[in-house]
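Peer 1: here is a sequence with its predicted model. Questions after.
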Amino acid sequence: MDRGPQPEWACPSVGFHVRDTVDEETATMRITAVIEPPMTAVGRISGASVPGGVGGRCRSVASVRQVAELERTARVDVLVEGYVRMPHVAGTVSLVRDADRVVIVDPGMVADRDLILRPLAELGVRPEDVTDVVVSHHHLDHTLNVALFPVVPVHDFQSVIEGHTFIRRPADGVQLSPSIRLLATPGHTPQDITTLVGTPDDVMALTHLWWTEQGPADDPYCTDRELLRQQRERVLDVATLIVCAHGPAFRPNGSTPR
Ligand SMILES: [Fe+2]
């Protein structure tokens, strides 16, 4: 797909669009993930609301369910803070630990692989200690370094892949541990997922719904602006801290792009 000159925000993975290559069955899965109720603990989006939401906002019933069964026991360490300074790009790489799970989220582009491995070692974690990898979507700036880690389950929007084993399952509502849950949040791409993490202090959303705190409000990769808005609202209903894809983590407020 030729999108013409890319703006300053452009990802390096220009022209790589999973949507262009998925088969009919996969496309069906994508649509299902958007419109069907989640598989497990996440409820169907409804118009109902209850008081007491984050920051005084009302929180939808579905949002309450999104966090109701999420424990607050995890620890999140951002190993690499992403940026876009074309032609240089790094994706945010995070370590999430909870119960017996050691999860790397988005082991993507970095200037040097030591920028991932060194902070990991400083936290006392060896690559072989990692139990799972989550990729928020299939752009290379968020997947390039998956092989830094041993063969472990790799989770995406539609599957869990381990070695040469492919298990199909929609990600929405999948619980990796008591405090780690995957949400299908299509917007940046139709295949995007958010990793929702309960920590003692925050409900954190590791996501590409925002590149940085400033957005961009209109994601240049987005093909469905209304869907992006809906998913941003859904995450803002529950998250108190956004670990975004190409900038420092931020606390959402009234000026956060929807
Ligand atoms: Fe990105």
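Peer 2: In hand now; what should we look at? Numbers count the residues shown, from 1 in each chain.
Peer 1: from Trp211, how far out is the residue in the stretch 51-200 of the chain positioned nearest to the ion?
Peer 2: For the stretch 51-200 of the chain, the residue closest to the ion is Asp141, as judged by Cβ to the ion, at 4.5 Å. From N, CA and C alone the C-beta is placed, and that goes for glycine too. Distance from Asp141 to Trp211, counting by Cβ to Cβ, to the nearest Å: 11 Å.
Peer 1: isn't the residue of the stretch 51-200 of the chain closest to the ion up against Thr92?
Peer 2: No: in this structure Asp141 lies outside contact range of Thr92 using Cβ atoms under 8 Å: 9.9 Å.
Peer 1: where do the helices sit along the chain?
Peer 2: All helices of the chain, identified by DSSP state H, fall at 18-21, 24-35, 61-68, 114-122, 225-236.
Peer 1: coming back round to it: number of residues surrounding the residue of the stretch 51-200 of the chain closest to the ion?
Peer 2: 23 (other Cβ atoms under 10 Å).
Peer 1: look up how far Glu226 lies from it.
Peer 2: 25 Å.
Peer 1: show me which residues of the stretch 51-200 of the chain sit near the ion.
Peer 2: Asp141 (Cβ under 5 Å from the ion).
Peer 1: buried sites along stretch 216-234?
Peer 2: Asp219, Tyr221, Cys222, Leu228, Arg229, Gln230, Gln231, Arg232, Arg234 (16 or more other Cβ atoms under 10 Å).
Peer 1: which one of those residues sits closest to the ion?
Peer 2: Tyr221 (8.4 Å).
Peer 1: for the spatially closest residue to the closest one that is not a sequence neighbour, what are its contacts?
Peer 2: Of all residues not flanking Tyr221 in the chain, His188 sits nearest, at 5.6 Å (Cβ to Cβ, 6 or more residues apart in numbering). His188 sits next to His137, His208, Leu209, Asp219, Tyr221, Cys222, Leu228, Ala245 when contact means Cβ atoms under 8 Å, 6 or more residues apart in numbering.
Peer 1: would a markdown table of these with distance to Glu122 and pLDDT be doable?
Peer 2: A markdown table is the format used below for those (distance: Cβ to Cβ, whole Å; pLDDT from 0 to 100):
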| residue | distance to Glu122 | pLDDT |
| --- | --- | --- |
| His137 | 28 | 98 |
| His208 | 26 | 98 |
| Leu209 | 29 | 98 |
| Asp219 | 33 | 94 |
| Tyr221 | 33 | 94 |
| Cys222 | 36 | 93 |
| Leu228 | 36 | 96 |
| Ala245 | 23 | 98 |
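Peer 1: what pLDDT does Val130 get?
Peer 2: Turning to Val130, the model gives it a pLDDT of 98.
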